[in-house]
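In: the amino acid sequence is not available; the structure is as follows:
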């Protein structure tokens, strides 16, 4: 399912225009992104939790030259943990 498919389904389910549903979806995604940038987690009860995961710096192997070691810097990554209702619905 693409973003446009999601907008179409939400518009039909809520009885609003596709333009309004698209604006709401964009606002929700922007708000989640802004919260994750600040380091906060976003919990949608029954659906799941978006959070920031930290990956430590480490040494890796250059795939082009397996004998060469490279440094992989520490970074922050977005992560999602599904809630119980979502897990049960998928099962």
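Out: Sure, I can see it. Please read all numbers here as calculations on a predicted model, not as lab measurements.
In: so residue 69 bridges to which residues?
Out: Taking DSSP bridges as the rule, residue 69 bridges to residue 61.
In: so it sits right up against residue 58, yeah?
Out: No - under the contact definition of Cβ atoms under 8 Å, residue 69 does not touch residue 58, with a separation of 10.4 Å. All C-beta spots, glycine's among them, are computed from the backbone N, C-alpha and C.
In: could you look up the SS state of the residue of the chain most remote from its centre?
Out: Going by Cα atoms, centre = their mean, the residue of the chain most distant from its centre is residue 67, 35.2 Å out. Three-state call for residue 67 (DSSP: H, G, I helix; E, B strand; the rest coil): coil.
In: next: residue 81.
Out: strand.
In: ok, it - contacts?
Out: 48-49, 51 (Cβ atoms under 8 Å, 6 or more residues apart in numbering).
In: pLDDT score assigned to residue 90?
Out: Note on residue 90: pLDDT of 94.
In: which pLDDT value belongs to the residue nearest to it when sequence neighbours are not counted?
Out: Spatial nearest neighbour of residue 90, chain neighbours left out: residue 82 (7.8 Å); criterion: Cβ to Cβ, 6 or more residues apart in numbering. Looking at residue 82, its pLDDT reads 96.
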